[in-house]
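Asks: what's the 3D shape of this:
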Amino acid sequence: MLQLVQSQHFQTLLGKTGTLRLPDGSELPIHIDTLEETPRSQMPKSERMPFSVGVNSLEPTAFVDGLCTLELPELGQVEGIFVSRVPAMGRDPGKGYFYIAFN
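Replies: Presented below is the predicted three-dimensional model:
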């Protein structure tokens with residue numbers, strides 16, 4: 001299912017809130033913050049344009065990284081999305097900031 005995910009699936013979610021299901025089964029409310037296509041990272045013969053998604057939690061969390069599940073338009077529940085935490089770097093330290101890369 002991951003190979004079907006395109007940046008367009010996140011485009012409609014940009015600026016909206018959602019729920020990230022963490023590896024332990026708990027749910028974390030998130031805000032989809034950024035979407036960036038990275039055409040220079042495209043592999044030869046790959047149909048998908050690489051892109052990344054930035055999300056932040058809406059509440060404090062100890063989650064660092066792992067395989068998560070997220071509801072995406074047209075695809076439904078997509079499992080196995082690797083989400084990794086990034087430093088707050090001057091942003092609200094009470095939230096978690098995360099990065100998802102699709103190559």
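Asks: quick one, grab the pLDDT at residue 40.
Replies: pLDDT for residue 40: 66.
Asks: likewise the one 4 residues further on?
Replies: Looking at residue 44, its pLDDT reads 66.
Asks: the one 3 residues further on now?
Replies: At residue 47, the model reports a pLDDT of 71.
Asks: and the gap between it and residue 3?
Replies: Noted for residue 47: a distance of 9 Å to residue 3, by CB to CB, to the nearest Å. From N, CA and C alone the C-beta is placed, and that goes for glycine too.
Asks: again, but for residue 89
Replies: Distance, residue 89 to residue 3, by CB to CB: 32 Å.
Asks: and residue 102, by the same measure?
Replies: Residue 102 sits at a distance of 9 Å from residue 3 (criterion: CB to CB).
Asks: strands of this protein, start to end?
Replies: Applying DSSP state E to the chain gives strands spanning 17-21, 27-37, 51-57, 65-72, 76-86, 97-102.
Asks: among those, which is nearest residue 7?
Replies: With CB to CB as the measure, strand 51-57 is the member of the strands of the chain nearest residue 7 (4.1 Å).
Asks: other residues contacting the closest one?
Replies: 6-7, 10, 20, 28-38, 63, 83, 86, 91, 95-102 (CB atoms under 8 Å, 6 or more residues apart in numbering).
Asks: how about a cut-off of 6 Å?
Replies: With CB atoms under 6 Å, 6 or more residues apart in numbering as the test, strand 51-57 has contacts from 7, 10, 28, 30-37, 95-102.
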